[in-house]
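Novice: Here is a sequence with its predicted model. Questions after.
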Amino acid sequence: MHIPDAFIPLPQAGVYWIIALIFIALALRWARKELSEEKIPLVAILAAGIFAIQAVNIPIPWGTSGHMMGAALAAIVLGSPFAAVFILTLVLIVQGVLFGDGGLTVMGANIINMGVIGGFVGYYSYRGFYPIFKSPYAPAFIAGWLSLFIAALACAVEMALAGTFPLGLGLFSMGLYHAVIGIIEGGITASAIYLIATARPDIMANTEGVPV
Amino acid sequence: MIGKKTFLVAGIAIALIIAAMAPFIASSNPDGLESAFFGIFGAKELEGSTLDEEMAGAAEEEVTAITGNEFSFNSPFPDYSIGGLAKSGETAAVIIGTLLVLGIALGLSRIVTRKE
């Protein structure tokens, strides 16, 4: 879902950067206030793991592929959507600057889609579904799926505003592909939460949601 | 429950294993956004699987003309590759990226959380 430079006109790309910078500032404030020293290794491992898993493009039907985004996972494990903004921004900067994955002028839009929308949808849908299931795994799967799907629809709307995609066809095709890629997102999110909660239940943010 | 050190080492090991495997298992099919783009610009059927390379090139020129965003930038390791090296270069590139993200995340978190 990494938007390349050519897909968005520069003035719009600038607006996305400004919005992204506001969320980056809020994410830094979250880190300063909420991030305890014992969780720093977890942040670093999540960031590195998310970078690595984003390089794994899994084939889906229709000659297409997709990879995990990781925002829901970061937000659930660290207990804040801003954790996802913090981690995904770092990942996107390294991807864009070093590997040409995602444009630089449009990086603000990519941070909004994958970090902000992914993080907020992932975190709040997990919190919303948890009381229904009373177990972390089904809500984590749903949160992963929704975070990717909604981020993809937001991307389609941005493409329509840019004049790149017609709105209806953009929403249909982005929705179709990412509804399938979302299964990957949901599955890995739930599995990773199982692993982390089993290994270190003490550092999971939503401890009430994790059987020890 | 495992120790702090074991958790850190295991976490880094898992990230590096995924990084090392990525170039071998990753699909080279266009991703969801690219596929939608090629479909909408006629280089591929939205629900088909073959990409018309010539049309794909034309689509990229067409979208640049629509948005007027001609910014381009030569990244040092484009598409996770290292010039002159094949798969081993890609593995090295993803591992370098993973270690770099790990280092930046550790460093930045330490700086941001530092209490005066």
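Specialist: Sure thing, it's come through.
Novice: Spit out the contact partners of the closest residue to chain A within chain B.
Specialist: Nearest residue of chain B to chain A (C-beta to the nearest C-beta) works out as B:Ser49 at 3.0 Å. C-beta coordinates here come from the backbone N, C-alpha and C atoms, glycine included. Neighbouring residues of B:Ser49 by C-beta atoms under 8 Å, 6 or more residues apart in numbering or on different chains: A:61-64, B:29.
Novice: how near is B:Asn74 to B:Leu46?
Specialist: B:Asn74 is 32 Å from B:Leu46, where distance means C-beta to C-beta, to the nearest Å.
Novice: Could you do A:Gly186 as well?
Specialist: A:Gly186 is 23 Å from B:Leu46, by C-beta to C-beta.
Novice: Kindly report the same for A:Tyr137.
Specialist: 33 Å.
Novice: More neighbours: A:Gly186 and B:Leu46, which one.
Specialist: Ranked by neighbour count (other C-beta atoms under 10 Å in any protein chain shown), A:Gly186 and B:Leu46 place A:Gly186 first, with 24 against 17.
Novice: The more buried one is in what secondary structure piece?
Specialist: helix A:167-199 (DSSP states H and E).
Novice: tell me what that helix is packed against?
Specialist: helix A:40-54, strand A:58-60, strand A:64-66, helix A:71-78, helix A:137-162, helix B:32-40 (3 or more C-beta pairs under 8 Å, 6 or more residues apart in numbering or on different chains; DSSP states H and E).
Novice: 7 Å - rerun?
Specialist: For helix A:167-199, the packing partners by 3 or more C-beta pairs under 7 Å, 6 or more residues apart in numbering or on different chains; DSSP states H and E come out as strand A:58-60, strand A:64-66, helix A:71-78, helix A:137-162, helix B:32-40.
Novice: How about the longest helix anywhere in chain B and chain A, touching?
Specialist: Counting residues, the longest helix found in chain B (DSSP state H) is helix B:87-113. Yes. Against chain A, helix B:87-113 shows contacts by C-beta under 7 Å from any C-beta of the partner chain at B:93-94, B:97-98, B:100-102, B:104-106, B:109-110, B:112-113.
Novice: one step back: doesn't the residue of chain B closest to chain A lie inside a helix?
Specialist: No. With DSSP: H, G, I helix; E, B strand; the rest coil as the criterion, B:Ser49 is coil rather than part of a helix.
Novice: So how do I select the buried members of the contacts of B:Ser49 in PyMOL?
Specialist: Those of those that count as buried under 16 or more other C-beta atoms under 10 Å in any protein chain shown are selected in PyMOL with:
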select buried, (chain A and resi 62+63+64) or (chain B and resi 29)
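Novice: Give me the mean pLDDT for stretch B:33-41.
Specialist: Averaged across stretch B:33-41, pLDDT comes to 97.
Novice: residues contacting B:Phe77?
Specialist: Neighbouring residues of B:Phe77 by C-beta atoms under 7 Å, 6 or more residues apart in numbering or on different chains: A:98-99, B:93.
Novice: Not counting sequence-adjacent ones, nearest residue to it?
Specialist: B:Ala93 (4.6 Å; C-beta to C-beta, 6 or more residues apart in numbering or on different chains).
Novice: go on, A:Leu167?
Specialist: A:Ala160 (4.0 Å).
Novice: How about B:Ile18?
Specialist: According to C-beta to C-beta, 6+ apart, the nearest residue to B:Ile18 is A:Ala52 (4.1 Å).
Novice: on that earlier part again, any chance of the helices and strands packed on helix A:167-199 in a markdown table, plus distance to A:Val106?
Specialist: As requested, those are exported to a markdown table (distance: least, C-beta to C-beta, whole Å):
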| stretch | distance to A:Val106 |
| --- | --- |
| strand A:58-60 | 24 |
| strand A:64-66 | 19 |
| helix A:71-78 | 18 |
| helix A:137-162 | 9 |
| helix B:32-40 | 11 |
